[in-house]
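Trainee: Could you work out the structure for the sequence below:
(2 chains)
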Amino acid sequence: MANVGWDEVNDAALLNPFENSMQDLVNTAQSDRDYSLFSSFSASTASWRVVKPIYNSDVCIHCQNCWVYCPDSAILSEEKKMQGIDYDHCKGCGICADVCPTNPKSLIMYEEATVEDSALASWPEKKKKEKKA
Amino acid sequence: MSKEYVLKEVEFWDGAMASSQALRQAEVDIMAAYPITPSTPIIQNYADYLSNGYVDGEYIRTESEHAAMSACVAASAAGARVTTATSSQGFALMIEVLYQASGMRLPVVLNVANRALAAPLNVNGDHSDLYLGRDAGWINLCTFNQQEVYDMTLMSFKIGEHKNVRLPVMVHQDGFICSHTAQNVAPLQDDVARKFVGDFEAVDSLLDFARPVTYGAQTEEDWHFEHKAKQHKAIMDSINVIEDTFEEFEKLTGRKYNAVESYMMEDAEIAIVALGTTIESSIEAARQLREEGIKVGIVAPRVFRPFPYDKIADALKNVKAIGILDRSSPGGALGMLFNEVTAAIYTNDTKPVINNYIYGLGGRDTTIADLKQIAKEIQANADAGKLTTPVQQFSGLRGPKLSFFDMESSK
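Mentor: Below you'll find the model as predicted:
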């Protein structure tokens, strides 16, 4: 968000998320929306995060569980296909990794500084079912 | 469509009736309230008009004043003309939400029947609640009698809703002394009043789905300061709209109002500064004193926020001594009106002698005799050219004389 002066902020303590009127919001992808400078979408909360989810598209079955459960709309999905994570708004709560049903998980929480490629290179193997005794 | 309510040219109304009739004529959409004495009749009267078909709107009974103001904030954000009324403890409970209303720039109108704050519990008038809300970012209009309550309440909608203002407005009247006693009031007929107030135009309505809006967003050190600065500028600049509205109202009714009211100040040597119904008593005291040769005038801020700093200074530039009267327990300081008015006078070349009176707490009667005594003390200061009394004194208090700051210069 640009650091504009007092004369340029909104009159009221309120946010207009879009520059202009938005019609048919539900069917407009985030990337096509006319977000305003003062929209929460234009601001980043990435610095709040200590751990981050890393997404492995090789294992994902596109069940949309993470998309449904994410409390910050930080799972990017189009046409019911998982696209990845919005790291500008993800706060690292770990719910997406928790609700992921695949084996191994398609979303795993890592330290914030972890490099994605190295995490994907050492992704856990499929766990075998334990035989009942 | 509401029924027409035919009014006589002159009605005999108490302050609560004057206020509620103005709310009816302003065609308020929503009143959200928790009834508290003595603002109760304002709310009750509006509910009566609603039940009897004299206004189209909604009355929301809330579980507290905090909830009442919260409902007002929500309804105003949704795009309605909104009002409530309260007093004292109820006002204190509203405080948190008062700041929300002004920060979100919602033109809610709040009638306050000014009353003491507990403890001790008290249902009578003083200005404790008025003082408590002074930094909440609301426009504050003060009234000294029932006619002014009616006039200011009508004007408050026009002022607060103006596109260059968009701020909530409080209209203050003295609890019981004004709210529950009746005087002649000359109201406007409904069609004239409605035309004067005009239609409500919603800005940033929550119900405009094509242009969604987030109310109550969080800002930290990065944005809070800019928003508060812009809000402060809006209330400072609102004085222009207030004065324009006073002028328009004068053209309609012949009743002239000013940001700072002056009575008998043309030739005054000394002045009393006060608020509320004390102004009318002071005018009567001044008339009697002038027969004894004491030239006393009265100055009162009609607009208390934004504080008319320059106009107060101008109104008091020619007097030798000033007594500033605070009807609120200052809790360890000089009275607030004393502090603010004295700061304004400091910009003048003259250096009048100024003292402070704490009076009338919890509805203690302030008589013409009390005010004449105060004026005589102010006159003694003017004659001596210095303080002849301590800076702060209590007037109308039983027991040994109570005063503070007996300055070396006054001995």
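Trainee: Can you show me the helices along the stretch 201-350 of chain B?
Mentor: B:224-253, B:278-291, B:309-315, B:336-345 (DSSP state H, counting those that start in this stretch).
Trainee: Okay, buried residues for stretch A:47-58 please.
Mentor: The neighbour-count check on stretch A:47-58 (16 or more other Cβ atoms under 10 Å in any protein chain shown) flags A:Lys52, A:Pro53, A:Ile54, A:Tyr55, A:Asn56 as buried. C-beta coordinates here come from the backbone N, C-alpha and C atoms, glycine included.
Trainee: what's the average pLDDT for it?
Mentor: Averaged across stretch A:47-58, pLDDT comes to 96.
Trainee: ok so, going back, which of the buried residues of stretch A:47-58 sits closest to chain B?
Mentor: Within the buried residues of stretch A:47-58, the smallest distance to chain B is 22.3 Å, found for A:Lys52 (Cβ to the nearest Cβ).
Trainee: list the helices and strands the host helix or strand of the closest one packs on?
Mentor: Remark: A:Lys52 resides in strand A:51-55, with elements defined by DSSP states H and E. With contacts taken as 3 or more Cβ pairs under 8 Å, 6 or more residues apart in numbering or on different chains; DSSP states H and E, strand A:51-55 sits against strand A:81-85, strand A:107-111, helix A:116-121.
Trainee: what are the pairing partners of the second one, and which direction each?
Mentor: If I follow you right, that is strand A:107-111. Strand A:107-111 sits in its sheet next to strand A:51-55 (antiparallel), going by DSSP bridges.
Trainee: Tell me who's in contact with the residue in the stretch 1-150 of chain B that chain A sits nearest to.
Mentor: In the stretch 1-150 of chain B, the residue that lies nearest chain A is B:Arg105 (3.7 Å; Cβ to the nearest Cβ). The contact partners of B:Arg105, taken as Cβ atoms under 8 Å, 6 or more residues apart in numbering or on different chains, are A:Asp11, A:Ala12, A:Ala13, A:Leu14, B:Arg166, B:Leu167, B:Gln231, B:Ala234.
Trainee: same question, A:Ser40
Mentor: The contact partners of A:Ser40, taken as Cβ under 8 Å, 6+ apart, are A:Leu15, A:Pro17, B:Thr214, B:Ala217.
Trainee: Look up how far B:Gln373 lies from B:Met265.
Mentor: 21 Å (Cβ to Cβ, to the nearest Å).
Trainee: Spell out which parts of chain A neighbour chain B.
Mentor: A:1, A:3-7, A:9-18, A:20-23, A:25, A:40 (Cβ under 8 Å from any Cβ of the partner chain).
Trainee: from those, which ones fall inside helices?
Mentor: Among the residues of chain A next to chain B, the subset assigned to helices under DSSP state H is empty.
Trainee: out of these, which are buried?
Mentor: Buried among the residues of chain A next to chain B (16+ other Cβ under 10 Å): A:Val9, A:Asn10, A:Asp11, A:Ala12, A:Ala13, A:Leu14, A:Leu15, A:Asn16, A:Pro17, A:Phe18, A:Met22, A:Ser40.
Trainee: In terms of pLDDT, where does the last one sit?
Mentor: Going back to what we said before, that points to A:Ser40. So A:Ser40 comes in at 78 (pLDDT).
Trainee: where does the chain have low pLDDT?
Mentor: Just going to use chain A. By pLDDT under 70, the weakly predicted segments of chain A are A:1-2, A:133.
Trainee: Sorry, I should have been clearer: chain B.
Mentor: Short version for chain B, where the test is pLDDT under 70: B:410-411.
Trainee: per the record, what domains does it have?
Mentor: B:11-253, B:261-410 (automatic domain parsing).
Trainee: Pick the most buried one from those domains.
Mentor: Sort the domains of chain B by mean neighbour count, taking mean count of other Cβ atoms under 10 Å in any protein chain shown, and domain B:11-253 sits at the top with a mean of 21.
Trainee: Off-centre distance for that domain?
Mentor: 11 Å (Cα atoms, centre = their mean, to the nearest Å).
Trainee: Just the endpoints, please. Distance across that domain?
Mentor: End-to-end distance for domain B:11-253: 15 Å, by Cα to Cα, to the nearest Å.
Trainee: Also stretch B:133-142?
Mentor: Across stretch B:133-142, the terminal residues are separated by 13 Å (Cα to Cα).
Trainee: is any part of that stretch close to chain A?
Mentor: No. Figure legend: stretch B:133-142 not in contact with chain A (Cβ under 8 Å from any Cβ); closest approach 10.7 Å.
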